[in-house]
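**Q** Attaching a predicted model along with its sequence, questions to come.
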Amino acid sequence: MNQPNFIWVLGHQIQPQQITGDYDLVNGETPPKTEGPPPHMHKGFHEVFIVTEGEMSFLIDGQPRTAKKGDVINLQPETVHTFSNETDQPCKWINIHSPKGFLAFFKEFGVTSDIEDARQRSVAPSIIGDVIRKAADHDMHIV
């Protein structure tokens, strides 16, 4: 998985896909025991997660939900959510944002996998602070 086209974002590894439609799509993998982003919502984005391997824990509008292989999590705009991997196994998933535009968040705050200690750098206090200060610039509103 250590290929330069992978990006570590807040401890999660993603691979952005080049899509011609009006949506962004990434393949992702969350290592075991990895927390997710702070609870947040998007005012203009619809978001979908499709779990392809393992298990993800979600908190959606205050309600916990476990998603396993094949499960789809469909989030309408203004739905407060976060996710994590609480298990001892990695979790793989597909993430879609519609309309196109959220990849800019991943590019601004991500660390390319060809950089030494990319995963650890992706959760450095300076990056976390930047996310908290600038997330709304990318329609990620931390609550």
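**A** Everything's here; your move. What you are looking at is a predicted structure, and each value in this text was computed from that prediction instead of being measured.

**Q** Can you list the low-confidence ranges for the protein?
**A** Regions of the chain meeting the criterion pLDDT under 70 cover residues 1-4.

**Q** What ranges does it have for its strands?
**A** 7-9, 12-17, 24-30, 40-41, 46-53, 55-60, 63-68, 72-75, 81-84, 91-98, 111-112, 141-142 (DSSP state E).

**Q** buried stuff in the third one?
**A** Meaning strand 24-30. 24-26, 28-30 (16 or more other CB atoms under 10 Å). C-beta coordinates here come from the backbone N, C-alpha and C atoms, glycine included.

**Q** got the contact list for that strand?
**A** 1, 11-17, 19, 36, 54, 56, 83-85, 90-98, 100-103, 106 (CB atoms under 8 Å, 6 or more residues apart in numbering).

**Q** again, but for the first one
**A** With contacts defined as CB under 8 Å, 6+ apart, strand 7-9 is touched by 13-16, 105-107, 109-113, 118-119, 121-122.

**Q** that older thread, deepest-packed of the strands of the chain, please.
**A** Of those, the one with the most neighbours on average (mean count of other CB atoms under 10 Å) is strand 7-9, at a mean of 23.

**Q** Name every strand pairing with it and say which way it goes.
**A** strand 12-17 (antiparallel), strand 111-112 (antiparallel) (DSSP bridges).

**Q** Thanks a lot, catch you later.
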